[in-house]
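[1] Show me how the following folds:
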Amino acid sequence: MEISIAELQNVLSGELRFGSPPPRDGHHALAGSIVTDSRRVQPGDVFWALSGEHRDGADFADDALRRGAQGVVVSQRRIEPWAGTFVLDVAESKLALWQLADWNRRRCEASVIAVTGSVGKTTTRQMIDAVLNPAGDGVTSPRNYNNDIGVPLSLLQLLPEHDYAVIELAATARGEIDSLARLAAPQIGVITRIGDAHLGKFGSQADIAAAKGELLGVLGRNGQAVLCGDDPWQRRLAAMSPVSALWYGRNGDCDVSAVDVQHGGGQLAFRVERQNFCLPVWGRHHLEPALAAIAVGLLYGRSLAETAEALAEFQSVEMRCQVFQHHGVTIINDAYNSSPLAAEAALKLLSEYPAAGRRMALLGDMGDLGVHGPRLHDELGRRTVTTVGLDTLWACGQFAGNVVAGAVAAGMREDRTMVAADPLDCIAPLRQSLQHGDVLLVKGCRALELERVIESLYEVPQARAA
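    Below is the predicted model of the structure:
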């Protein structure tokens, strides 16, 4: 986004105050990138002080200025601008962020593809960008910028010369997708598989489906939906919506359907019509994101051959089924987050991975399942036996006991399990147990940061010999 300090003041109807001396070029100076975390501020950025549940961003204004912020946008607090900087006082900083994002979206003619769903949103978004990027100039949501703060920040990346933007939308309550989608104003809406993620807040899978379906309501008759034909929830949503739908999936009646699907050795191969595809990814659950990206590519006039060439270069998203070797041990790093559908897909990958030694797993909580948590974690434990035939299980977090209980009930020996509230307590037993040829899956909710355990394994000079 390119905007002068004067335009920023005008869009937000704020009170602008300069330090002494004022910024070079004064009102005409271009405002820098918008940053909401003072720790990420780079020289020339504008720090947007948001009020959080526990802290007020205004408390970190001086830290941001110390790091070289060009200015601060703040509400309900008097912050004095430093020399060469500005402070813009607004009525409510979060509302102001939405106002600026809306202004920027309306002045840019780029088409917007909105992606929502319970699982695979980030991978789908990245694959769509990979397909469209060779033929156009566009942007995509950075990291997991998919909520009421992340979506406006994503839209602020848009420039008038961009052709497209791929924006990820997430929600933990009804009405959130509707609000975010209205802000993004997409022409195309993609819904990935609908599952149990955030079941604790929504209450039922039907409510989750209805929340994701809010995207179809925003698209209306003039928009285009890209929907998973293998998901019965989406079939029901489409039947209640006037939106035009392009279906992807394994079902033969899908518009974009895959056949001859094969997976192994870090490659996912399949055929769409007469075109062969081969993606360098681990896990057959990448098939649906790939098919969604192919469908979007077709809407943009990309041939199947062009899309196959683009997806052949796709790079897996960090901490999402990344497979690597460390001193003879294979680690499947799927530590970014977890839900029942996502955990099932990861266990399926572990079951199919060729292991010279044992198949093992460090499983953390699947977050935000509410009263369904104990039951769903028990089912997860059972799947470690029925799906994988797991040799050793480490479980950590609030529901670790439920995971282990489920595994033991399904036939796992109790002496091959461990329960830990803190994931870091698993480090020493892991170091002691891992042997050459073992395959270790690491998966859990974001709050547990299980990547810390993986990083600790790097400190081991050599895995034990079998």
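
[2] separation between A345 and S339?
    In this structure, A345 and S339 are separated by 10 Å, where distance is defined by CB to CB, to the nearest Å. Any C-beta I mention is one placed from the backbone N, CA and C, and that applies to glycine too.

[3] anything in contact with each of those two?
    Taking CB atoms under 8 Å, 6 or more residues apart in numbering as the contact rule, the neighbours common to A345 and S339 are V119.

[4] Can you name the residues bridging to the closest residue to R416 other than its chain neighbours?
    Closest residue to R416 apart from its sequence neighbours, by CB to CB, 6 or more residues apart in numbering: T392 at 4.9 Å. With DSSP bridges as the criterion, the beta-bridge partners of T392 are M360.

[5] quick one: G297 from G136, how far?
    From G297 across to G136, the span is 11 Å (CB to CB).

[6] How far does the one helix or strand in the chain whose mean pLDDT sits lowest sit from its chain's centre?
    Taking mean pLDDT, DSSP states H and E as the measure, helix 199-202 is the helix or strand of the chain with the lowest mean score, a mean of 86. In terms of CA atoms, centre = their mean, to the nearest Å, the gap separating the centre of helix 199-202 from the centre of its chain is 18 Å.

[7] part of a helix, is A6?
    Yes - remark: A6 belongs to a helix, assigned using DSSP: H, G, I helix; E, B strand; the rest coil.

[8] wait, doesn't it sit right on A31?
    No - the criterion here is CB atoms under 8 Å, and A6 misses it with A31 at 9.5 Å.

[9] and these two? which has more neighbours close in?
    Set side by side, A6 and A31 show unequal neighbour counts under other CB atoms under 10 Å, the larger going to A31 at 24 against 14.

[10] Which pLDDT value belongs to that one?
    Reading off the confidence values, A31 has pLDDT 95.

[11] helices or strands next to the least confident helix or strand of the chain in the packing?
    Secondary-structure packing of helix 199-202 (3 or more CB pairs under 8 Å, 6 or more residues apart in numbering; DSSP states H and E): helix 205-219.

[12] Please identify the buried residues of the helix it packs on?
    Along helix 205-219, the positions that meet the burial threshold by neighbour count (16 or more other CB atoms under 10 Å) are 205, 208-219.

[13] who's more crowded, G297 and G136?
    Taking neighbours as other CB under 10 Å, G297 and G136 compare with G297 leading, 24 against 13.

[14] What separation do you get for the more buried one and T140?
    Here the criterion is CB to CB. By it, G297 lies 14 Å from T140.

[15] what does L158 give?
    As for L158, its distance to T140 is 11 Å (criterion: CB to CB).

[16] what sits in contact with each of these two?
    A shared contact of L158 and T140, defined by CB under 8 Å, 6+ apart, is any residue touching both; here these are A165.

[17] Could you tell me the angle between the helix or strand hosting L183 and helix 205-219?
    Element membership of L183 [criterion: DSSP states H and E] is helix 176-184. Angle of helix 176-184 versus helix 205-219, following axes from the mean of the first three to the mean of the last three CA atoms, to 10 degrees, is 20 degrees.

[18] So which elements touch the helix or strand following helix 176-184?
    Moving toward the C-terminus from helix 176-184, the first helix or strand encountered (DSSP H and E) is strand 188-191. When contacts are defined as 3+ CB pairs under 8 Å, 6+ apart, strand 188-191 packs onto strand 111-116, helix 205-219, strand 224-228, helix 287-299.

[19] strand partners of the first one, parallel vs antiparallel please.
    Spelled out, it's strand 111-116. Applying DSSP bridges to the sheet, strand 111-116 is found paired with strand 164-168 (parallel), strand 188-191 (parallel).

[20] Need the CA coordinates for the last one. CSV is fine.
    Same thing as strand 188-191. Extracted as CSV, the C-alpha positions of strand 188-191 are listed here (Å, rounded to 0.1, in the frame of the first residue of the first chain):
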residue,chain,number,x,y,z
ILE,A,188,-13.9,-16.2,-5.9
GLY,A,189,-14.4,-18.2,-2.7
VAL,A,190,-12.7,-21.5,-2.0
ILE,A,191,-13.8,-23.8,0.9
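
[21] Show residues contacting it.
    Residues beyond strand 188-191 that count as contacts (CB under 8 Å, 6+ apart) turn out to be 111-117, 124, 128, 181, 212-213, 215-216, 218-219, 223-228, 231, 234, 237, 243, 292, 295-296, 299.

[22] What average pLDDT does it get?
    If you average the pLDDT over strand 188-191, you get 98.

[23] Just put the helices and strands packed on strand 188-191 in TSV and tack on mean pLDDT.
    Output for these, formatted as TSV (pLDDT from 0 to 100):
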stretch	mean pLDDT
strand 111-116	98
helix 205-219	95
strand 224-228	98
helix 287-299	98
